[in-house]
Every structure is written in structure tokens, then in C-alpha cells.
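Colleague: Give the three-dimensional model of this entry:
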Amino acid sequence: MKDIPLAEITLRKYEKPSNLEKRELVRKICLSLGLLQLGDSRDIIVDILMVLIEANKTKEKLTSDEIGKKVEELRKNYSLDMKGLAESNIRRQLKRLRDYMIVDKTENKYYLSEHSSLKEIFIGSIEKFVIPQIIERIKEYLHELDK
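Modeller: Presented below is the predicted three-dimensional model:
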């Protein structure tokens, strides 16, 4: 038996959102879903997700290079550090979003899963699929312990 998880997710609860600017709102979503850790100075995943959310409005699919360019523009607009813009890092963060079932990829182009809203993706994939499976497996371990 290996200690490699079949699935994992980190969920955090923060204060209710009110009067948050869009980037800060997306940042809190990333923190809440465990995509970003507290105190991470490299928060490029926030900008990648923002770019994909914006592209989703017109059902646009973007290459990792296009995402990188849009992320760079976004970070300039917010006067943010340009760390983490390497193509390899953009692709790594996109892979993380794919692993979370938030992003799909076809023909080397990325888009929000099924062109759904982030809320629909969370409810349909994470809340209804991933979390129940993890909880059920934990219950199996607890049941085994009680034997």
C-alpha cells in the first residue's frame, strides 16, 4: 500500500465576500479551494483563472502562450511582480486547474470546464463528485478502525 492519495482537496472558509475587487475575489476563491496557500508570493494562478473566466464570457479557448500574454498584461495593470510568467510555470498551473477539473484542454487550448461558470464547475465536479468520494473513503478507514 502506498501513501499516495488517489484524490485530495483543501477547502478553507473565509469571511463573507463583500465589496471585494474582482482580483481579490478570485484570489479568495483560489485560497478557499487550496489552489493558493496563505502567504504565497507567487499568485500567478489567480491571474490565470481570471484570464480564463474572462475568456469564458465569449466561450474563447486559449493556448498557454495566449494565457501567458494576457496574464502579463493583467499583472502590469495591477502593478504586480512579474515572477512566475515562464511558459513552464503557466503550463504547470494550468495542469493543476485541470487536475481540479476546473479547466479542460482540447487541441492545446484551455477553457473553463464545459464553458461553465466557476460556480457550476464547483457544484458539479468538486462538491458532487470529489468531496463525497473522499468522505466515503475516510468513513471506510474509520469503519475498519472500529472492527
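Colleague: Centre of the chain to the longest helix seen in the chain, how far?
Modeller: Counting by DSSP state H, the longest helix found in the chain is helix 131-146. Distance, stretch centre to chain centre, for helix 131-146: 25 Å (CA atoms, centre = their mean, to the nearest Å).
Colleague: buried set for stretch 113-123?
Modeller: Burial within stretch 113-123, assessed by neighbour count using 16 or more other CB atoms under 10 Å, is assigned to 113, 115, 116, 118, 121, 122. C-beta coordinates here come from the backbone N, C-alpha and C atoms, glycine included.
Colleague: pretty sure residue 97 is in contact with residue 44, am I right?
Modeller: No: the criterion here is CB atoms under 8 Å, and residue 97 misses it with residue 44 at 11.5 Å.
Colleague: Comparing these two, which shows the higher neighbour count?
Modeller: Taking other CB atoms under 10 Å, residue 97 and residue 44 do not tie; residue 44 has more neighbours (25 against 22).
Colleague: Contacts only, for the more buried one.
Modeller: 71, 75, 83, 84, 85, 89, 90, 93 (CB atoms under 8 Å, 6 or more residues apart in numbering).
Colleague: ok, so of those residues, who is nearest residue 136?
Modeller: Checking these against residue 136 with CB to CB, the nearest one is residue 93 at 29.5 Å.
Colleague: what mean pLDDT does stretch 101-115 have?
Modeller: Stretch 101-115 comes out with an average pLDDT of 97.
Colleague: how long is it from one end to the other?
Modeller: Distance between the boundary residues of stretch 101-115 (CA to CA, to the nearest Å) amounts to 12 Å.
Colleague: for it, which positions count as buried?
Modeller: 102, 103, 104, 110, 111, 112, 113, 115.
Colleague: For residue 28, state which of the buried residues of stretch 113-123 is nearest.
Modeller: Among these, residue 118 lies closest to residue 28 (CB to CB), at 12.1 Å.
Colleague: Tell me who's in contact with the closest one.
Modeller: Neighbouring residues of residue 118 by CB under 8 Å, 6+ apart: 29, 49, 53, 102, 112.
Colleague: residue contacts, the fourth one?
Modeller: What that stands for is residue 102. By CB under 8 Å, 6+ apart, the contact list for residue 102 reads 49, 112, 113, 118, 121, 125.
Colleague: Measure how buried the first one is and give me the count.
Modeller: Which is residue 49. 26.
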